[in-house]
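*Asks:* got a predicted model here, sequence first, then my questions.
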Amino acid sequence: MEAANSPSTNDEGGGGGGGESGQELVTLQGGCHCGKVRFEVQTAPDLIVWDCTCSICKMKRNTHFVVPESRFRLLAGGEEGQITTYTYNTHVAKHMFCSTCGVQSFYIPRSNPDGKGITVWCIDAPSATQPTWWIQETRLFDGQDWEKHIESCEISAMSKEG
């Protein structure tokens, strides 16, 4: 797969990652600040990203998009101890971060335990003039009232194939 500064495409169909079914996928790469954790992800080119307001996401400014687990691949950082996981409350969400620089470039969201939440600011920018070309829309997820909001939004569908 190609680097994010020249996204490759895949016509396997869309869905998840905010895309419409049948949409061509692009492959993006990203990682943490120090570069010890790297990943690639296949997603729709017109992302819907989520700005969550739960207690931890609000503090981290976790603006993310969600993809099915099958469209995520860890490229570096899989060795023992490089990624640290933090959980709290229901312990469904797995907040994973680099044990060297502390950046969370992806995690397993409570809303999508079958997928990955990708921190949008950790995607490699294709160029300095187009750092966020892939963001179509940013939606608010009311994490302060999680149980009520999960029923009324589409975030749970984002980690489903097709």
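*Replies:* The structure has been received and is ready for your questions. Residues are numbered from 1 along each chain as shown.

*Asks:* next, residue 47: phi, psi?
*Replies:* Backbone torsions for residue 47, taken as degrees, to the nearest 10, come to phi -70, psi 140.

*Asks:* let me know the helix or strand that the residue nearest in space to the middle of the chain is in.
*Replies:* For the chain, residue 118 is the residue whose C-alpha lies nearest the centre (CA atoms, centre = their mean; 1.4 Å). Using DSSP states H and E, residue 118 sits in strand 115-119.

*Asks:* partner strands of that strand, parallel or antiparallel?
*Replies:* Strand 115-119 has its sheet partners listed here by DSSP bridges as strand 63-68 (antiparallel), strand 106-107 (antiparallel).

*Asks:* export the longest one as PDB, just CAs?
*Replies:* So that's strand 63-68. Output of strand 63-68 as PDB, limited to C-alpha atoms (Å, rounded to 0.1, in the frame of the first residue of the first chain):
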ATOM      1  CA  THR A  63     -11.500  14.200  16.800                       C
ATOM      2  CA  HIS A  64     -11.600  10.800  15.000                       C
ATOM      3  CA  PHE A  65     -13.200   8.700  12.300                       C
ATOM      4  CA  VAL A  66     -14.200   5.000  12.600                       C
ATOM      5  CA  VAL A  67     -13.300   2.100  10.300                       C
ATOM      6  CA  PRO A  68     -13.900  -1.600  10.500                       C
END
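
*Asks:* what about it, distance to the chain center?
*Replies:* Between the centre of strand 63-68 and the centre of its chain there are 3 Å (CA atoms, centre = their mean, to the nearest Å).

*Asks:* so the residue nearest to the centre of the chain touches residue 67, yeah?
*Replies:* Yes. Counting by CB atoms under 8 Å, residue 118 touches residue 67, with 6.5 Å between them. Quick note: C-beta positions are derived from backbone N, CA and C, even for glycine.
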